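In: quick one: sequence and predicted model below, then my questions.
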Amino acid sequence: MSDMTDTSGPVLAADGTPLKRSLAKALRRQKLRALLLISPLLLFILVSFILPIADMLYRSVDNKIVVQTLPRTVQALSDWDADSGQLPEEAVFAAMAADLKEAAAAKTHTKVGSRLNYENPGMSSIFRKTGRNAKKFDIEAGGPWKEALIEMNDDWADPDVWRTIQTYSPPTTAGYFLNAVDMRVGPDGAEMRPESEQIYMNLLKRTLWMSLFITFSCIVLAYPVAWILANLPTRQSNLLMILVLLPFWTSLLVRTSAWKILLQQQGVINDVLVWIGLVSDDARLVIINNQFGTIVAMTHILLPFMILPMYSVMQTIPPTYLRAAKSLGATDWTAFWRVYFPQTIPGIGAGSILVFILAIGYYITPALVGGTKGTFISNQIAFHISTSLNWGLASALGAILLAVVLVLYWAYDKIVGIDNVKLG
Amino acid sequence: MKLVKTLLASSALTVTAGAVSAQDMANEMTLVSWGGAYQASQVKAYVEPYLEMHPEVKITWDESSAEAVAKLRAMNEAGNVTWDLVDAVASDSMRLCDEGLAEELNHDEVLAAAPDGTSASEDFGDLLVSDCFVPQIVYSTTFGYRTDLVGAEAPTTVCDIFDLEKFPGKRALQKRPIDNMEWALYCDGVAKDELYEVMGTDEGVERGLAKLDTIKDQVVWWTAGAETPQLLADGEVVMGSTFNGRLFSAIAEQNQPIEMLWDMQSFDLDGWVVPAGLPEDRKARVMDFLKFATDTQRLADQAKYISYGPARKSSAPLVGNHEELGIEMAPHMPTDPANASNVHVYDYEWWADNRDDLNAKFEAWLAK
């Protein structure tokens, strides 16, 4: 009996503590040490990569500026019924005057104007113009503010202006995301934009299918090159490798401009075709400033990203396998398709992920050779970051693009398996 | 008293207006500009002369004007503005001003008066489109055409751009609604002073886009100013819009068979913007430089190197010959009376309000 209790009790370590606990302690120490070792890198990535991205993504819903700049107005507007068709009461106008006075002193009135202008064109100049006199407002004696503001700028008499302020007064907004999927906040909630203003969904679709197409053409072109590289004697394959890498070391702009010279209507390819009589001089091919131009140039630019992983995977496949298959009676095709090709799939997978993810975010090349129908969604993101300054919309578009890539990555993992990807 | 004032003004080259002495000025300055021939004209006309007077100053260039608004905003948010003076087009300066990223200036206080005593604000006149903006030059977006490819008859009005029968072939237009919409509506019969009224309505926008639709297949859309001269030189297009200085260098410096079509040229301005919230010593240096670089003589000098019109009225009579080519510059200026008989001055306020909206419509139309 006493023997039984002894064996069923916890196993003890030399110092008398249960073995399980002391093992866990040792492991924890080990893990901590490992974490300490990678902590500089972890911190670096956190500060320089994850936080900025999180901050940028947060902008896609951030709308604090309205309530911060116009706190009184937002409060006073909260029980105004926008559907009544009536202007808000005097109290709202007085609140606006007080907010504007403060905002003009802090020079933030134009900022909120720019913000609201994204939703309702014209808001920007209402705030800019009214703000010019706002510093001199005498809130107590200057009223009634309804008449005073409308006299300064008759746009204040438009209920739509007030509706916009009311709609966009909460500290977070779905407005940017709605805009990014070609929708907007209408009187009855979210609605599609008129067809003449729909851009982003079409662009996203185009970006996806063109990126897929580019990835596919990269696979087709890179496979034979990688095969030759992997099977030539080292001296020759090194020389070929330099040829593959050479464009890699050339500036992206130079390579893109080179394609312009080749593809344009008075360019090298057309000139040659006209010279040998394949096309007539007045029917030169249009092979640039359209989707074809973007696909050609981007396939060329991204090709090394496909060749290199394929090459390093193919190099690890012993040539004896193919010989063994053939000596067992397989035809050339069977030996390739049943023995060689399956072993190269990890290389194709790695190359495809690299090329696809790079392609989906490209914007310089599409901007230069894409004309109107060959541009990507990244061109619009770049436009909103650097020209229109609508960073909220840019980050909403970016967030959608990021989500799409993650979904595709997940699908890839389910279908092909991410463990099945090898860089060599 | 008047004598003292004149003395002070003449010594303003070494001592800025106000109480800041040379000791309080930073000796390093980062200027932001466009690079290329334009930046070169700035170096020759006022940066080199300024450095000669102030050998202790070191100037760094950053060729980021095309992304100035976005970069300045990012710097401002990071709390580390490294730029001291930014060259920007007028519409960008307005945006920077609206965003609170640019310093508001009292033009009469910080800029030099004209030699005859006219105040700076009067000398620049209407060109002071924003409180944050000190204009340097007037440039225009206008058309150039290949003399050998357009046929026997040369185009004479902007509406010839829309005439595919008389002038077949491709044309280059800037990939943005600004200017193109105005030209389209103008050629569709809208009077010049009603353009913005018409464009303010949905029907007006549709009308403009419908007019552009008539030539859409024949348009090559450009985004960088250097593209049109290249497209013209290659014979890719028979006519195209770009900045007049680019066409001038293609015609006068590279002797390309290109002519200018000045009709309905679209005036625009380029100038300096001081970033908001600079430390005192850096600001003092910038203001000192700004006053020098935008005085009457300096702006006139700039026109020796590039065919953009000086923004001061008082500079116009001083415009001379091209420094290297020796040709008279006045006839190549967009502001020359012979070229400016029919100009289009675009409405900054209107575009500031409607730019995003129209851009969405324009992009959707392009993608159709």
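Out: It's in.
In: what residues does A:Leu116 make contact with?
Out: By CB atoms under 8 Å, 6 or more residues apart in numbering or on different chains, the residues touching A:Leu116 are A:Val66, A:Met123, A:Ser124, A:Phe127, A:Thr164, A:Ile165, A:Tyr168. Yep, even glycine has a C-beta here, placed from its N, CA and C like the rest.
In: from those, list the ones also adjacent to chain B.
Out: When contact is defined as CB under 8 Å from any CB of the partner chain, these meet chain B at A:Met123, A:Ser124.
In: just how off-centre is the longest strand anywhere in chain B within its chain?
Out: When chain B is parsed with DSSP state E, its longest strand is strand B:258-273. The chain centre lies 8 Å from the centre of strand B:258-273; the measure is CA atoms, centre = their mean, to the nearest Å.
In: alpha carbons of the next helix or strand after that strand, as CSV, please.
Out: Using DSSP states H and E, the next helix or strand after strand B:258-273 towards the C-terminus is helix B:280-293. In CSV, the C-alpha atoms belonging to helix B:280-293 read as follows (Å, rounded to 0.1, in the frame of the first residue of the first chain):
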residue,chain,number,x,y,z
GLU,B,280,14.7,81.3,-34.7
ASP,B,281,18.3,81.2,-36.0
ARG,B,282,17.3,79.1,-39.1
LYS,B,283,14.3,81.3,-39.8
ALA,B,284,16.4,84.4,-39.6
ARG,B,285,18.8,83.0,-42.2
VAL,B,286,16.0,81.9,-44.5
MET,B,287,14.3,85.3,-44.3
ASP,B,288,17.6,87.0,-45.1
PHE,B,289,18.0,84.8,-48.1
LEU,B,290,14.4,85.1,-49.2
LYS,B,291,14.5,88.8,-49.2
PHE,B,292,17.6,88.8,-51.4
ALA,B,293,16.5,86.0,-53.7
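In: so what touches helix B:280-293?
Out: B:12-13, B:16-17, B:20, B:24-27, B:29, B:42, B:46-47, B:49-50, B:57, B:84-85, B:103, B:110-112, B:134, B:136, B:272, B:274, B:278, B:298.
In: relative to chain B, which of the contacts of A:Leu116 is nearest.
Out: A:Ser124 (5.2 Å; CB to the nearest CB).
In: next secondary structure after the helix or strand containing that closest one?
Out: Counting by DSSP H and E, the element that carries A:Ser124 is helix A:123-134. The first helix or strand that comes after helix A:123-134 along the chain, using DSSP H and E, is helix A:145-152.
In: would that following helix count as contacting chain B?
Out: No - Helix A:145-152 lies out of reach of chain B by CB under 8 Å from any CB, never closer than 15.4 Å.
In: which bits of the stretch 151-300 of chain B sit near chain A?
Out: Residues of the stretch 151-300 of chain B lying near chain A (CB under 8 Å from any CB): B:Lys170, B:Lys175, B:Glu206, B:Val220, B:Trp221, B:Thr223, B:Asp234, B:Gly235, B:Glu236.
In: where does chain B have its least confident helix or strand?
Out: Within chain B, no helix or strand scores below helix B:2-10, which has a mean of 45 by mean pLDDT, DSSP states H and E.
In: the helix ranked longest in chain B: which residues count as buried?
Out: Secondary structure of chain B per DSSP state H: the longest helix is helix B:348-367. Across helix B:348-367, burial judged by 16 or more other CB atoms under 10 Å in any protein chain shown covers B:348, B:350-366.
In: near chain B, which residues of the stretch 101-250 of chain A show up?
Out: A:107-108, A:110-111, A:113-114, A:117-118, A:121-125, A:128, A:195-199, A:202-203.
In: buried subset of those residues?
Out: Judged by 16+ other CB under 10 Å, buried ones among these: A:107-108, A:110-111, A:113-114, A:117-118, A:121-125, A:128, A:196-199, A:203.
In: so what's the residue count around A:Thr375?
Out: 29 (other CB atoms under 10 Å in any protein chain shown).
In: I figured it hits A:Leu368, correct?
Out: No - using CB atoms under 8 Å, A:Thr375 is not in contact with A:Leu368; the gap is 9.9 Å.
In: name the surrounding residues that touch stretch A:340-350.
Out: Residues contacting stretch A:340-350 (CB under 8 Å, 6+ apart): A:219, A:223, A:226, A:309-314, A:317, A:321-322, A:412, A:416, A:420-423.
In: no, scratch that, I was asking about stretch A:394-405
Out: By CB under 8 Å, 6+ apart, stretch A:394-405 touches A:56-60, A:176-177, A:179-181, A:200, A:204, A:207-208, A:357, A:360-361, A:377-378, A:380-381, A:384-385.
In: if we use 7 Å, what do you get?
Out: Applying CB atoms under 7 Å, 6 or more residues apart in numbering or on different chains, the contact partners of stretch A:394-405 are A:56-57, A:59-60, A:176-177, A:179-180, A:200, A:357, A:360, A:377, A:380-381, A:384-385.
In: in that stretch, what's buried?
Out: For stretch A:394-405, by 16+ other CB under 10 Å, it's A:Ala394, A:Ser395, A:Ala396, A:Leu397, A:Gly398, A:Ala399, A:Ile400, A:Leu401, A:Val405.
In: look up the closest residue to the first one, ignoring the ones flanking it.
Out: What that stands for is A:Ala394. Computed as CB to CB, 6 or more residues apart in numbering or on different chains, the closest residue to A:Ala394 that is not its neighbour in sequence is A:His384, at 3.8 Å.
In: and the host helix or strand of the one you found, C-alpha only, in CSV?
Out: Per DSSP H and E: A:His384 is located in helix A:377-386. Provided in CSV are the C-alpha atoms of helix A:377-386 (Å, rounded to 0.1, in the frame of the first residue of the first chain):
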residue,chain,number,x,y,z
ILE,A,377,-4.2,50.6,-57.3
SER,A,378,-0.9,51.5,-55.8
ASN,A,379,-0.8,54.4,-58.3
GLN,A,380,-3.9,55.8,-56.6
ILE,A,381,-2.4,55.2,-53.1
ALA,A,382,0.7,57.1,-54.2
PHE,A,383,-1.5,59.9,-55.5
HIS,A,384,-3.4,60.2,-52.3
ILE,A,385,-0.2,60.1,-50.2
SER,A,386,1.8,62.6,-52.2
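In: next, count neighbours for the closest residue to chain A within the stretch 1-150 of chain B.
Out: Nearest residue of the stretch 1-150 of chain B to chain A (CB to the nearest CB) works out as B:Asp98 at 3.7 Å. Neighbours of B:Asp98 under the rule other CB under 10 Å: 26.
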